[in-house]
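Visitor: only the shape, not the letters, is given here:
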């Protein structure tokens, strides 16, 4: 029989405001096994923890129940308290009477009743708890960064700087990401390429960093410290180690009419191409879909002109397997598709463009050599209308766009408007906005400069319709401050499209068993206190895959993720979770169901000899759990028909006892 | 009934015994009455001649018996299997329940078995049954011979036969058939159309007759656990005498969940139920839902196939959609 102590926390008025804590501790006194029950204002405080320690010693407690906040908050605290008093850490159960009770109920009577029930369930479970001891597992001292944009680059550089090897996996032929496509960066207006490309070169030259470009992660197994990752290296039909990046092939390739992704389809590239001059790795890639040689076996020009002999038409996709201790997701973002925003005539007129396209139009390495020209006729636009929040801050009922603020649009639109007025003072620039949001160092000053010094017309109100009329764009909009309807004859309309997580993020999250929110942004382990960690141990978040952010924030988060990775890789061993599955071999059928459902590959089988009651022996196939690999998810325990598989600390009997206590 | 006769089977069994290829034969044995046929093990030619039975009442699925029997010696066992039995056979192999090398399977043709309960509905006190392609002739004690149509006296599982194809055999007697588009989900659909209250009443009515004899579990080829949860005092669900009427319902619901994705729909549970509870309908509901949510899946069609419930793919239905699907059927 256990000797259980119950400790009910007031959490100031957080719990005590809605739950009669004295009544809870009084009611739980009568539960089976309970020998001591009390309540205190802040159980997590030093004084509160001392109450627990003293009670364990004084009453010879074998198990404790703390009725307090979520176990995610303070379970670790109370386990340490118990251990300090000589009790096994796993003899501690938390009844969450704050998040699941006081915070969701308004009525004291209901709240108290539920708190008592939750307490009873926890007591019923502790009655069946057994002491557990965690095992240890080694740490593979190598990190994987998925995504080679500025977030991935910064994370990789920082990890490598601490002396650990890092691999970057990037789906595109080059690293650099979205930042490589930008022209100038706010609020200092330094050129994106000037600050990014040196970092890309640093990555290429760092002997601790390997770049797997034109590659993707196809499988992730294992757990923190011991991930087994399969990386698919797509055939680029050019030998990476032989190609010198001279570009001769990209000039001679006869396939000239392929929309250039890097310039968002505003000009063309060849079937063999290098995305941009500063690409890393600077090697050519053949586009399988457009290469005549690969499709029909006719051509072969690039192989003829390649002095280095780097072309290999017979290349195949390769799969490499590598072990990692930590994984960083840095999969980035994309502007949303404008398909559902036909009112802005994006599909009807070439002169309605997105902000990222505007970046390319003003970039010296872009399709117009940096001259701001209308895509339709190559003329200088005299009137430009910028539309903010296209697809951001949408009504959830509207069934288009996103509910969230994309965060970066206010600032880059101010930048676009300012730069346009600076370079082309004869241009009229209008910006339609819902709100201008410029929190950030030197951000509001920047916006005010655009308005006050550069004379950009900021108009509060949304654009209702853009219609192409005789080579012009008729913009109908409302001015909410002057309360009037406007009609502007524009030459160019620029849409600040909302940003969304890259499509590769969702399948990646599934592989990593990392959680996501409804918008497919990765969820952090704690929104305030653990912002760069995923709830899945060993998986870290860098950049916009976690939420919209600008470059300074991304770089800051990238560095923070790197420091967390370094902290992990610096350890030689990790304490395991003792709440792992265990198979009772006397009941195991050897049917492989548990093996089939185990996401970690933790279950293997062995032929084992059993002595039967009639003194014969029988060889049976039975499951065996690798405790270092098991993560305690419990899939196997629910799939096992005979109940042979059980999860330590969460045995079927314990769960049922909790349910029984609640239903009693 | 079939062109393959009892003698064909016996003589082949004797050959295999004599050659030493097998040392035991699993078949059926006649009891007191013609319809009283049970699975039986034969080890010599003499007992085969004497007791081996082959006919309209050899409905029992022999695959489950192989789990225990293969463990007894290293020798090989000859077993006769109807098409539907071979699905259970494969499912047991998928779950590593016995060694394929220890079994020699002869596939036997099947025109559908007969159901003594249904014969009795037409012919009281029957003594013998002769069947051919023209129908079934039943001799009775008091009413003389009664001519019946075969479909009138077949059990539901044979009327809604899903396959005449043997999915496993070493040797095949007769010609192999194909899978059949049967109306086996018609009854399930009827129950799905009920209101939740009607459905609850329907099952409470059916399951209230359960006497907890465990025959359904004992005969089920998917129920081969080393220790069944209902026999395990630590499981929390073990009890011989129910505390209240709801516990019997729990027994059948738990059992249906345990065989979900593994049940081949052989129909043995309903065949052996002394209370005529249509237990196979619970299993068919699972099969129908699995087919609907994940695409058609037949347990036992292939050895080593992964049932959708224990096989994750990124195309799997989202749980929220599955719940919605259930609502539409509610």
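Guide: The structure has been received and is ready for your questions. The structure presented is a predicted model; accordingly, all values stated were derived computationally and were not measured.

Visitor: wait, what's in contact with the residue nearest to residue A:288 when sequence neighbours are not counted?
Guide: Nearest non-adjacent residue to residue A:288, counting by CB to CB, 6 or more residues apart in numbering or on different chains: residue A:294, 5.4 Å away. Any C-beta I mention is one placed from the backbone N, CA and C, and that applies to glycine too. Residue A:294 makes contact with A:237, A:286, A:288, A:313, according to CB atoms under 8 Å, 6 or more residues apart in numbering or on different chains.

Visitor: which one among the residues you listed gets closest to chain B?
Guide: residue A:288 (23.6 Å; CB to the nearest CB).

Visitor: tell me the contacts of that closest one?
Guide: A:235, A:237, A:294-295.

Visitor: between these, which sits nearest residue A:126?
Guide: Comparing those against residue A:126 with CB to CB picks out residue A:235 as the nearest, at 57.9 Å.

Visitor: in this structure that closest one contacts residue A:316, no?
Guide: Yes: under the criterion of CB atoms under 8 Å, residue A:235 makes contact with residue A:316 at 5.6 Å.

Visitor: tell me which of these two has more neighbours.
Guide: Neighbours were counted for residue A:235 and for residue A:316 using other CB atoms under 10 Å in any protein chain shown; residue A:235 has more, 18 against 10.

Visitor: out of the contacts of residue A:294, who's the most crowded?
Guide: residue A:286 (26 neighbours).

Visitor: surely residue B:207 touches residue B:249?
Guide: Yes: using CB under 8 Å, residue B:207 makes contact with residue B:249 at a distance of 4.8 Å.

Visitor: need phi/psi at the residue nearest the centre of chain A.
Guide: Centroid-nearest residue in chain A, with CA atoms, centre = their mean: residue A:522, separated by 3.0 Å. Main-chain dihedrals, residue A:522, degrees, to the nearest 10: phi -60, psi 140.

Visitor: assumed residue A:32 was part of a strand.
Guide: No: judged by DSSP: H, G, I helix; E, B strand; the rest coil, residue A:32 forms no part of a strand; its state is coil.

Visitor: how much space between it and residue A:660?
Guide: Going from residue A:32 to residue A:660 by CB to CB, to the nearest Å gives 12 Å.

Visitor: so what's in contact with those two at the same time?
Guide: Joint contacts of residue A:32 and residue A:660 (CB under 8 Å, 6+ apart) are residue A:124.

Visitor: who touches the one residue in the stretch 51-200 of chain B that gets nearest to chain A in this structure?
Guide: In the stretch 51-200 of chain B, the residue that lies nearest chain A is residue B:95 (3.8 Å; CB to the nearest CB). By CB under 8 Å, 6+ apart, residue B:95 lies in contact with A:589-593, B:224, B:262.

Visitor: next: residue A:555.
Guide: Taking CB under 8 Å, 6+ apart, we find residue A:555 in contact with A:150-151, A:154.

Visitor: try 7 Å this time
Guide: Counting by CB atoms under 7 Å, 6 or more residues apart in numbering or on different chains, residue A:555 makes contact with A:150, A:154.

Visitor: A helix includes it, no?
Guide: Yes: membership of residue A:555 in a helix is supported by three-state DSSP.

Visitor: buried set for stretch B:284-299?
Guide: By 16 or more other CB atoms under 10 Å in any protein chain shown, the buried positions in stretch B:284-299 come out as B:284-290, B:293-294, B:297-299.

Visitor: all the strands of the stretch 501-650 of chain A, in order from the start?
Guide: A:539-541, A:573-575, A:581-583, A:603-611, A:617-625, A:645-647 (DSSP state E, counting those that start in this stretch).

Visitor: include distance to chain B, mean neighbour count and mean pLDDT when you put the ones you listed into CSV, please.
Guide: Shown next, in CSV, are the strands of the stretch 501-650 of chain A (distance: least, CB to the nearest CB, whole Å; neighbours: other CB atoms under 10 Å in any protein chain shown; pLDDT from 0 to 100):
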stretch, distance to chain B, mean neighbour count, mean pLDDT
strand A:539-541, 18, 29, 97
strand A:573-575, 26, 14, 90
strand A:581-583, 12, 22, 95
strand A:603-611, 8, 13, 93
strand A:617-625, 5, 16, 92
strand A:645-647, 10, 23, 95
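
Visitor: dump those into TSV; add distance to residue A:424 as well.
Guide: Below are the strands of the stretch 501-650 of chain A laid out as TSV (distance: least, CB to CB, whole Å):
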stretch	distance to residue A:424
strand A:539-541	40
strand A:573-575	59
strand A:581-583	68
strand A:603-611	67
strand A:617-625	69
strand A:645-647	67
